[in-house]
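Q: sequence-free structure coming up:
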């Protein structure tokens, strides 16, 4: 076993002063404060409630498709609204970006509406896809 060298009182004092100088030179931004930690906790995304909302929306859409007659009043607008919300939350979670989720959901619902009206084709799909990509590129650069 190696013996430690005992420091005199003066040597310990000098070493303590060096430590104080070192700690004074550390930028205060490097040390997170309690309020900074609380702010980060508030900004943290809660994925579990969003996941529950996604599951609820998809189950509701499933029950709407299978148990509600399409000729009932308001069934079709409710279907498209529910379809939009389901895709919005799903893609927002997958892309981790609400804007991209909104753009993708809007494109899918627009194409579904065109198919419902009877004019949805591969050409319209390509046009919608090009429009969505253009909007995303424009918004990401500005």
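A: Nice, thanks for sending it over. Predicted model, so just to flag it, every value in this text is computed and none were measured. Numbers count the residues shown, from 1 in each chain.

Q: Tell me how many other residues crowd residue 94.
A: By other C-beta atoms under 10 Å, the residues close to residue 94 number 12. C-beta coordinates here come from the backbone N, C-alpha and C atoms, glycine included.

Q: any idea which element it lies in?
A: helix 75-95 (DSSP states H and E).

Q: Would you mind pulling up the elements that that helix packs against?
A: helix 47-67, helix 98-117 (3 or more C-beta pairs under 8 Å, 6 or more residues apart in numbering; DSSP states H and E).

Q: Format those as TSV; extra columns: mean pLDDT and mean neighbour count.
A: Shown next, in TSV, are the helices and strands packed on helix 75-95 (pLDDT from 0 to 100; neighbours: other C-beta atoms under 10 Å):
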stretch	mean pLDDT	mean neighbour count
helix 47-67	93	13
helix 98-117	96	16
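
Q: Measure how the helix holding residue 94 sits relative to helix 98-117, angle-wise.
A: Here helix 75-95 points in a direction 150 degrees away from that of helix 98-117 (axes from the mean of the first three to the mean of the last three C-alpha atoms, to 10 degrees).

Q: Need the contact partners of helix 75-95.
A: With C-beta atoms under 8 Å, 6 or more residues apart in numbering as the contact definition, helix 75-95 has outside contacts at 47, 50-51, 53-54, 57-58, 60-61, 64-65, 68-70, 98, 100-102, 104-106, 108-109, 112-113, 116.
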